[in-house]
Structure formats: C-alpha cells, structure tokens
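Q: What follows is a predicted protein model with its sequence.
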Amino acid sequence: MSDDDLADFEQTEFTHDGKTRAVYRKGSGPAVIVIAEMPGITPKVLAFARQVAEIGCTAVLPHLFGTPGRDPNASKLFAVKTLASSMVPACISKEFVTLATGRTSPVIGWLRALARAEHARCGGPGVGAVGMCFTGGYALAMAADDVLLAPVLSQPSMPVGLTKAQRRSIDISPADLEIVKGRCARGLTVLGLRFESDKFVPAERFDFLREQLGEAFVAVELTDADANPEALMPPHSVLTEHLIDEPGQPTRAALDQVLDLFRSRLLVTA
C-alpha cells in the first residue's frame with residue numbers, strides 16, 4: 001500500500017489535563033476509539049477505521065505516536081526503521097507502561113476523557129474501543145469507565161512477556177481490573193484476538209484474562225495458516241497487517257466479530 005493522505009478524515013485536536021493531541025475522525029453514529037498499533041496510524045489501521053465507519057459508527061483515531069498515514073511496508077528495512085522511530089520514544093515515555101505488571105498506563109486518563117467527549121459529541125448508548133499490539137490492553141483499562149460498552153483487545157502485547165508474571169498479566173492496575181470484573185459480571189463483553197504462535201501475546205495472557213473475566217472474555221485465537229502470507233512479519237496483527245479481507249477467511253471472520261460487537265452494543269435503539 002502507498003501512504004494515505006487521510007483526505008476523508010476530519011482532523012481536530014483534543015486537550016485533557018494539559019495534553020493536546022491530534023484526533024482523526026470519520027463517519028457518524030456512536031464513537032469507536034481506534035487506538036493504533038506501532039508504528040502508528042498506518043494505511044491498514046485507516047482501512048479498519050473506514051470499515052468501522054461503514055457500519056454506522058464514528059471512527060475516532062487519536063494520534064499517540066508515529067506519522068499518520070505513512071505506509072511502513074515500503075521495504076523490510078524501512079519497516080524496521082519506521083517501527084523503531086515510533087517505539088523507542090513510546091517505550092521511554094512515562095505515559096506508556098511497557099514492562100511493569102499491575103499498572104494502568106497514564107495515557108489511559110487522556111483516552112477515557114476522549115471517550116467521554118466523543119460520547120457527548122456522537123451520541124448513542126456509549127462508545128467502543130479497539131487497542132492493537134502496544135495499545136492492545138488500553139481498551140480493557142478504558143473499560144473501568146462505564147461509558148465504554150464494547151472493548152476489543154487485538155493482540156495485546158504489554159507488558160513485554162519476559163517473565164512469568166509479565167506473561168500472566170496485562171497493562172491494567174488491580175483497582176481498574178476489579179471495576180472491569182464487576183462490569184463483566186453485569187453483562188460487559190471483552191473481545192480478545194491473537195495468533196496462537198504470537199510470542200508478543202503469550203497464551204498465558206489470555207489464560208489470565210479467562211480466569212479474571214470468566215465467560216465475559218471471548219477469545220479469538222487463530223493459527224499461522226490463517227494469517228496473510230504477504231505480511232512482512234510473523235503472524236501478529238489480526239485486524240490490519242495479517243488480515244485477509246475475503247469471505248471465508250478466518251481473519252475476516254474475526255473482523256466481522258469485532259464489527260458485530262459494535263453493532264450489538266452501540267447501534268441499538270431503546
């Protein structure tokens with residue numbers, strides 16, 4: 001894919017607690033916060049956002065890192081350089097938790113405020129959220145606020161799984177997790193996506209989520225054979241880089257399951 005100029009997206013800014021970031025928005029109807037994976041808001045992340053808009057929701061993309069619209073896949077070398085240019089600043093930023101267990105990233109406060117502002121702007125019963133890879137667990141932490149009705153954890157990769165404790169955890173504080181568990185007991189569904197071989201998203205992490213959230217955690221786990229073979233990295237990004245967007249493909253079925261969650265929780269009438 002070539003770079004995407006985002007011409008069909010509205011660009012605004014959102015400020016909370018002294019921090020201002022660009023926000024890209026497309027569509028109408030209830031908001032879905034699309035929190036991009038590394039290296040940022042790539043053309044394939046934008047393609048996913050357009051599919052969210054097509055079902056009748058407003059796709060809202062906060063710019064947290066990287067260069068919006070840049071295609072990282074011009075070559076393997078360019079992909080590595082692009083990823084490094086986004087990941088190194090994020091990993092050393094105090095806003096993002098990458099190694100610690102039992103912590104919610106500070107950026108979640110800003111994202112929760114954005115979700116509330118978009119709910120007020122877009123209407124509907126609440127908002128949805130998708131976190132991907134580096135931000136995969138953010139949708140779970142955001143669900144400690146009851147405005148979030150449809151959290152999706154796509155290949156949640158933090159904290160980095162160097163130890164058993166890190167593999168059997170996700171980037172959310174115990175206090176926030178208890179709130180989410182209470183909401184799950186009252187009917188919240190949390191959708192999680194991963195490839196079975198993905199070392200960035202160890203099986204222990206999904207086991208942990210099953211133990212904590214019970215039947216409210218719906219896991220979609222795909223095989224390597226399900227991944228797009230044209231991707232430059234091993235199977236990882238379910239909704240973007242490794243998606244085969246064709247009927248009958250398991251990754252397309254996973255995407256449809258995500259969109260159906262948004263339909264059932266956000267596109268409802270009283």
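A: Thanks, I have the structure now.
Q: I'd guessed residue 191 sits against residue 259; true?
A: No - Residue 191 is beyond contact range of residue 259, at 10.7 Å (criterion: CB atoms under 8 Å). C-betas here are computed from N, CA, C, even on glycine.
Q: got a list of contacts for stretch 218-238?
A: Residues from elsewhere that reach stretch 218-238 (CB atoms under 8 Å, 6 or more residues apart in numbering): 37, 44, 73, 76, 79, 132-133, 154-155, 189-198, 200-201, 206, 209-210, 241-244, 249-251, 254-255, 257.
Q: Can you select the buried ones among those for me in ChimeraX?
A: In ChimeraX, this line selects whichever of the contacts of stretch 218-238 come out buried by 16 or more other CB atoms under 10 Å:
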select :37,44,73,79,132,133,154,155,189,190,191,192,193,194,195,198,200,201,206,209,241,242,243,244,251,254,255
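Q: What about the contacts of stretch 218-238, which are in helices?
A: Cross-referencing these against helices under DSSP state H gives 44, 76, 79, 206, 209, 210, 250, 251, 254, 255, 257.
Q: tell me the two of these that are most distant?
A: 76 and 210 (35.5 Å; CB to CB).
Q: The strand or helix carrying residue 184 packs against which elements?
A: If you go by DSSP states H and E, residue 184 is part of helix 174-185. If you count contacts as 3 or more CB pairs under 8 Å, 6 or more residues apart in numbering; DSSP states H and E, helix 174-185 packs onto helix 203-213.
Q: centre of the chain versus the helix or strand that the helix it packs on is followed by, how much separation?
A: Per DSSP H and E, the first helix or strand lying C-terminal to helix 203-213 is strand 217-222. Distance, stretch centre to chain centre, for strand 217-222: 14 Å (CA atoms, centre = their mean, to the nearest Å).
Q: What mean pLDDT does strand 217-222 get?
A: Strand 217-222 comes out with an average pLDDT of 98.
Q: what lines up beside that strand in the sheet?
A: strand 190-195 (parallel) (DSSP bridges).
Q: between the strand it pairs with and helix 174-185, how many degrees?
A: On the basis of axes from the mean of the first three to the mean of the last three CA atoms, to 10 degrees, strand 190-195 is oriented at 110 degrees to helix 174-185.
Q: Strand 190-195 to helix 203-213, inter-axis angle?
A: 170 degrees.
Q: Kindly format the C-alpha coordinates of strand 190-195 as PDB.
A: Extracted as PDB, the C-alpha positions of strand 190-195 are listed here (Å, rounded to 0.1, in the frame of the first residue of the first chain):
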ATOM      1  CA  VAL A 190     -14.500  -8.200  26.300                       C
ATOM      2  CA  LEU A 191     -13.300  -9.500  23.000                       C
ATOM      3  CA  GLY A 192      -9.600 -10.600  22.600                       C
ATOM      4  CA  LEU A 193      -7.800 -11.500  19.400                       C
ATOM      5  CA  ARG A 194      -4.400 -13.200  18.800                       C
ATOM      6  CA  PHE A 195      -2.500 -15.700  16.700                       C
END
